[in-house]
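In: Attaching a predicted model along with its sequence, questions to come.
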Amino acid sequence: MRLAIALTALASLAMADMDPETRAGVLEGLMRTPPPPPVEGTHVPRRLPHDPGAIPGISAEQDLIHHGRRYVGFVSEWNIIEQEMHGAGSPETFVHAQARLPLWAQEVSLHELFFWQLSPTSSSPEPFQLPPDVLEALPWGDGWAVQVWDLHLGATLWSTLDGRELRGLWGGVPLVAIDLFRHGHWVDHMEDRESFLSAILPQISRERLAERHRWAEAIRDTLSMHSEEPTDLPAALLSDEDIALRNASRLRAVQASPEERRTEEISDQLGDHVTEDDLARWLAWSPGWAVLAWEIPTGSPLLMSVASPESPAPWGCAALMAVARENRPESLEEARIALRHLPWGDVSERLEALRAVGAFPRSD
């Protein structure tokens with residue numbers, strides 16, 4: 001599966017330099033070769049919400065490569081990473097997998113939103129438009145433009161991601177995701193940005209955007225984030241300084257440390273695939289701050305590590321608990337004991353609030 005992902009990525013990069021005949025041959029070869037089956041695990045690929053080629057400006061070939069190869073490959077990679085973390089026998093193996101976890105979870109979540117937001121029957125009299133500062137900052141050919149609803153501020157913000165990077169706020173729920181990687185447009189539009197944006201922006205459904213917004217607002221109404229931070233709204237396009245300032249406040253609001261006087265049952269709402277051994281590895285082996293996060297759109301726990309409270313987060317995640325490096329045990333044996341002295345009651349309350357609204361509803 002990893003080889004298939006890499007070969008498709010290389011093809012998308014090379015197509016721009018090929019003559020039309022060679023390009024047609026490469027595309028024909030890709031279409032004749034069936035994609036490998038997804039790697040089984042906790043996460044299952046969602047079906048394409050429309051028939052391939054149904055979106056004006058996006059061909060069936062582009063849909064099948066983007067969804068059937070790239071997106072399905074990202075889901076497989078997420079499953080592989082979790083399996084590596086689950087079976088890790090050393091800190092090095094665990095940390096190597098953990099470092100990749102939030103990036104691939106974010107890729108899966110943003111791709112699912114990208115496909116879902118497009119409708120072949122979008123009929124809004126006012127097509128969706130990108131703000132001028134976002135349009136100017138677009139990382140064309142290698143990144144994302146993301147509109148988010150911030151659960152803390154109750155405001156709509158924009159962010160651009162240059163390549164696969166984390167530039168998110170804890171509690172920022174994506175509403176719109178524009179995939180600017182070559183794998184999403186090279187078959188139909190090559191390097192023509194204006195052609196691609198002119199094709200997809202009118203197909204972003206205002207009705208679906210409103211549905212996503214109502215779901216995000218319901219989460220904000222149900223979940224108290226307990227964050228003390230400046231209440232002034234940042235600029236529409238988030239800066240690195242804004243991300244660092246607000247994330248530091250939000251992560252410290254859920255900071256915890258093992259306390260001997262507290263003995264609590266570990267939350268059973270994380271899912272069967274997160275064991276106490278997994279949590280012990282997370283608590284003992286995370287190289288920075290150990291962050292227990294919840295990927296809101298998919299309803300998935302992430303056992304993350306961040307270098308500092310100011311570090312960027314993956315879009316779509318809420319921080320449930322954070323433990324600083326200096327407050328954590330060094331060995332798995334000590335970690336298993338320390339787990340019982342963390343505030344799992346608080347985590348359960350946050351999870352109950354999130355589950356009251358649920359993961360983003362999908363037709364499949």
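Out: That came through, no problem.
In: Strands along this structure, start to end?
Out: Secondary structure of the chain (DSSP state E): strands located at 143-150, 155-162, 172-179, 289-295, 300-306, 317-323.
In: What angle do strand 300-306 and the last one make with each other?
Out: Taking axes from the mean of the first three to the mean of the last three CA atoms, to 10 degrees, one finds strand 317-323 and strand 300-306 inclined to each other by 50 degrees.
In: what comes into contact with strand 317-323?
Out: Contact partners of strand 317-323, identified using CB atoms under 8 Å, 6 or more residues apart in numbering, comprise 102, 105, 151, 168, 170-171, 223, 225, 250-252, 254-258, 283, 289-296, 302, 309, 313, 342-343, 346-347, 350-351, 354. C-beta coordinates here come from the backbone N, C-alpha and C atoms, glycine included.
In: If we use 6 Å, what do you get?
Out: Outside strand 317-323, the residues that touch it by CB atoms under 6 Å, 6 or more residues apart in numbering are 170-171, 251, 254-256, 289-296, 347, 350.
In: With E295 as the reference, measure out to M85.
Out: 15 Å (CB to CB, to the nearest Å).
In: got a pLDDT number for the residue nearest to the spatial centre of the chain?
Out: Most central in the chain under CA atoms, centre = their mean is Q106, positioned 1.8 Å from the mean C-alpha point. We note a pLDDT of 96 for Q106 in this prediction.
In: What of the one 3 residues further on?
Out: At S109, the model reports a pLDDT of 96.
In: I'd like the average pLDDT over stretch 69-81.
Out: On average, stretch 69-81 scores 95.
In: ok, G299 - contacts?
Out: With CB under 6 Å, 6+ apart, G299 has these contacts: A359.
In: Check the spacing between it and P125 real quick.
Out: 35 Å.
In: ok, and the closest non-adjacent residue to R220?
Out: The shortest distance from R220 to any non-neighbouring residue, by CB to CB, 6 or more residues apart in numbering, is to L151 (4.7 Å).
In: Tell me, how many residues neighbour the one you found?
Out: L151 has 24 neighbours, counted by other CB atoms under 10 Å.
In: Angles on the backbone of it, please.
Out: Dihedral pair for L151: phi -70, psi -30, per degrees, to the nearest 10.
In: Kindly report the same for P287.
Out: phi -70, psi -30.
In: Could you count how many residues lie near it?
Out: Counted with other CB under 10 Å, P287 comes out at 14.
In: What's the end-to-end length of stretch 146-154?
Out: 16 Å (CA to CA, to the nearest Å).
In: Same question for stretch 255-272.
Out: In stretch 255-272, first residue to last residue: 25 Å (CA to CA).
In: avg pLDDT for it?
Out: On average, stretch 255-272 scores 87.
In: re earlier: how about the residue nearest to the centre of the chain: what's its closest non-neighbour residue?
Out: Q106 sits nearest to P314 (CB to CB, 6+ apart), 4.1 Å away.
In: still on that earlier bit, mind checking which of the contacts of strand 317-323 are buried?
Out: Buried by 16 or more other CB atoms under 10 Å: 170-171, 251, 254, 256, 289-296, 347, 350, out of the contacts of strand 317-323.
In: G41: which of these is nearest?
Out: Proximity of those to G41 (CB to CB) peaks at E295, which lies at 14.5 Å.
In: I'd say the closest one and W104 touch.
Out: No. Applying CB atoms under 6 Å as the test, E295 and W104 come out as separate, 10.9 Å apart.
In: R340 reaches R261, doesn't it?
Out: No. Between R340 and R261 no contact is recorded; they are 11.5 Å apart, counting by CB under 6 Å.
In: The two: which has the busier surroundings?
Out: Set R340 next to R261 and count neighbours by other CB under 10 Å: R340 wins out with 15 against 5.
In: For that one, give me its contacts.
Out: T263.
In: go again using 8 Å as the cut-off
Out: 263-264, 266.
In: One more: R164?
Out: 103, 106-107.
In: run the last query once more with 7 Å
Out: Residues in contact with R164 (CB atoms under 7 Å, 6 or more residues apart in numbering) are 103, 107.
In: The one 10 residues further on now?
Out: The neighbourhood of P174, defined by CB under 7 Å, 6+ apart, consists of 110, 113, 146, 148, 315-316.
In: How much space separates it from V146?
Out: Here P174 is placed at a distance of 5 Å from V146 (CB to CB).
In: Residues in contact with both of the two, list them for me.
Out: 110, 315.
In: Assess the claim that P343 and S257 are in contact.
Out: No. Using CB atoms under 7 Å, P343 is not in contact with S257; the gap is 9.3 Å.
In: re the thing from before, just name the closest of the contacts of strand 317-323 to T156, please.
Out: G171 (13.4 Å).
In: Pop out the phi and psi values for the closest one.
Out: phi 90, psi 20.
In: from what I can see it touches L153, true?
Out: No. Using CB under 7 Å, G171 makes no contact with L153, being 8.8 Å away.
In: so what pLDDT did T33 get?
Out: 70.
In: Counting neighbours, what do you get for it?
Out: 11.
In: try I337
Out: For I337, using other CB under 10 Å, the count is 13.
In: ok, now which ones touch it?
Out: Neighbours of I337 in contact, by CB under 7 Å, 6+ apart: none.
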